[in-house]
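Pasting a predicted model and its sequence here:
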Amino acid sequence: MIKPCNFEMKAFYKNNNGLTETKEWTPNCWINIESPSETEKKYLLEELQVPEAFYNDIEDIDERPRMESEDGWTLFIMRIPVKSNDVKLPFQTIPLGLIFKEDICVTIGFYETEIISDFVQYTNRKNIHIRDNFDLVLRLLLSSSVWYLKYLKQINQKIKLAEDNLEKSIKNEELQALLQIEKCLVFFITSLKGNDVLFHRIKNLKAQREHFDQDLLEDVDIELSQAQDTANIYSNILTGMMDAYASVISNNMNNIMKQMTSISIILMIPTLIASLYGMNVPNGLEESKYGIWILLLVSVILSIFGVYLFKRRRWF
């Protein structure tokens, strides 16, 4: 289960060929809030007059990517990837909301993420000027797609590690590790599809179509498509791998059982001979001082013959 970050964070960013943090709000600056406290919630709902319905939608961990307008406010919800503290689900996706109206622009996230800080640093390195709120939405979509690809590379490394452990495994732990990775990929694929639908809705807005940066639209489209294709490829490979290795584990277990059965049969030969000659009936060797050695010799010869026979038939 993803846990909210354990600290309050409210930051104001001024757009000037890169985002620079300021100490207080100024018109047209970008407000970013992570894990809002009650004080910050009151600031959003009472001072900025953000619709409470928008706030509650972003708080919902299962909220789908979408666009909505209400009383002059516009809401965009996208899903971004995060690392989880849950061992059973190492990667997850969460909603990130962007709300704006006139000179107010707010992003709200209820969980800790690396994307926002990385995005701010990136704009400063590249001296990127964000033209308007729609431009900010598109750039956040682009940044989230890049992070999907980063986490997909880490997922691929986990797949390779589990694959190495599975080759000689007879346990289910490695197979369960692949199942957990498969769950992460399902979340990624679903969220990327939602982000792609949101992107095309933004792209087709008639009122904004002429103002969009065409190069930025192309970059977002390429990165989103690449992230979706990569996630689908990994998911398909993983599904086939899980089916194959389920058979491998079963086959490894069958080989071990076959070897154990062969050993049991070989050991049964001297046991059978000893049991027959150990009966309290005349057998011709009870008076012989070499009786025990004869029985041992016969047991060894028959056991060696049994091993030879099994080896010839490749049962060992």
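Noted; the coordinates are in hand. Numbering: from 1, shown residues only.

which strands and helices sit next to the host helix or strand of I155?
If you go by DSSP states H and E, I155 is part of helix 133-166. Here helix 133-166 touches strand 73-83, strand 91-101, strand 104-109, helix 115-126, helix 173-203, helix 214-277, going by 3 or more Cβ pairs under 8 Å, 6 or more residues apart in numbering; DSSP states H and E. (Each C-beta comes from the backbone N, C-alpha and C, glycine too.)

Would you indicate which residues of it are buried?
133-148, 151-152, 155-156, 158-159, 162-163, 165-166 (16 or more other Cβ atoms under 10 Å).

same thing with stretch 36-52?
36, 40-41, 43-44, 50-51.

try stretch 72-89
Buried residues in stretch 72-89 (16+ other Cβ under 10 Å): 73-82, 84.

Same question for stretch 199-208.
For stretch 199-208, burial by neighbour count (16+ other Cβ under 10 Å) applies to 199, 202.

if we can go back for a sec, how about the helices and strands packed on helix 133-166, which one is nearest N16?
Among those, the nearest to N16 by Cβ to Cβ is helix 115-126 (10.0 Å).

and the angle from the closest one to strand 104-109?
Between helix 115-126 and strand 104-109, the angle comes out at 130 degrees (axes from the mean of the first three to the mean of the last three Cα atoms, to 10 degrees).

sorry, back to before: distance to Y290 and mean pLDDT added to the helices and strands packed on helix 133-166, as TSV?
Converted to TSV, these look like this (distance: least, Cβ to Cβ, whole Å; pLDDT from 0 to 100):
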stretch	distance to Y290	mean pLDDT
strand 73-83	75	95
strand 91-101	73	94
strand 104-109	88	94
helix 115-126	86	91
helix 173-203	55	89
helix 214-277	13	84
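
Could you point out which of those sits nearest W25?
Minimum separation from W25 across the helices and strands packed on helix 133-166 (Cβ to Cβ) falls at strand 104-109, 8.6 Å.

pull the CA atoms of that closest one into CSV?
Extracted C-alpha coordinates of strand 104-109, given in CSV (Å, rounded to 0.1, in the frame of the first residue of the first chain):
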residue,chain,number,x,y,z
ILE,A,104,-4.4,30.6,-10.2
CYS,A,105,-2.7,27.3,-11.0
VAL,A,106,-2.4,24.5,-8.5
THR,A,107,-1.1,20.9,-8.7
ILE,A,108,-2.1,18.6,-5.9
GLY,A,109,-0.7,15.2,-5.1
